[in-house]
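Chemist: dropping the sequence and predicted coords here.
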Amino acid sequence: MKKYILLSFTLIFIFLSEVNAQQGEGTIMFAGGGDIIRTDVPGVFQRYQAGFEGHYFVRYFLSLSGGYEINSAGPNQVSLGSRVYFVDPFFVRVRGLLGSQSDLALGAGYSHNVGYRFRLEGIVDYYAVTGTAGLRAGFSILLN
């Protein structure tokens, strides 16, 4: 039992001592991800929606983004938005999905550093116009 407690404290210490916020003003980041599950579709992976976006950090905690969403059950869309890292590695985001079925996506996510420039992300989005929600997994790469 003592070994499990020691292992738990060691893992927590490593996790909490991780260095975050490598992005600075002027940093460019590329991100991509896909929906794992959505509230408007029963089951997991029943349809796909994936997106890719580029981010420009205006401040170390604020990025502006533009991207493209690919959707198997509807038209593809251009996305314009922003991320705010109030407490790194957690962020909130707002994206406008532009196209024939425009929507507004409000989300929150977590970004886990795997390396200095590579991150894995988990994001929950709420789509205001359609009233649906989705869980998305993805990655991001800091380019400079």
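Modeler: Received, thanks.

Chemist: from here on, just use CA atoms for contacts and neighbour counts.
Modeler: Will do.

Chemist: ok, residue 93 - contacts?
Modeler: Shown in contact with residue 93 (C-alpha atoms under 8 Å, 6 or more residues apart in numbering): 81-84, 106-109.

Chemist: which ones among the residues you listed map onto strands?
Modeler: Under the assignment DSSP state E, those contribute 81-84, 106-109 to strands.

Chemist: distance to residue 60, pLDDT and neighbour count added to those residues, as CSV?
Modeler: Shown next, in CSV, are these (distance: C-alpha to C-alpha, whole Å; pLDDT from 0 to 100; neighbours: other C-alpha atoms under 10 Å):
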residue, distance to residue 60, pLDDT, neighbour count
81, 16, 96, 19
82, 13, 97, 17
83, 11, 95, 21
84, 9, 95, 19
106, 21, 97, 17
107, 19, 96, 19
108, 18, 97, 17
109, 17, 96, 20
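
Chemist: of the residues you listed, just say which sits nearest to residue 143.
Modeler: Comparing these against residue 143 with C-alpha to C-alpha places residue 83 closest, at 16.9 Å.

Chemist: now that closest one. Nearest residue, chain neighbours left out?
Modeler: Take residue 83 and drop its neighbours on the chain: the residue closest to it by C-alpha to C-alpha, 6 or more residues apart in numbering is residue 93, 4.3 Å away.

Chemist: closest to the centroid, which residue in the protein?
Modeler: residue 123 (4.6 Å; C-alpha atoms, centre = their mean).

Chemist: would you confirm that residue 144 contacts residue 27?
Modeler: Yes. In this structure, residue 144 is within contact of residue 27 by C-alpha atoms under 8 Å, at 5.6 Å.
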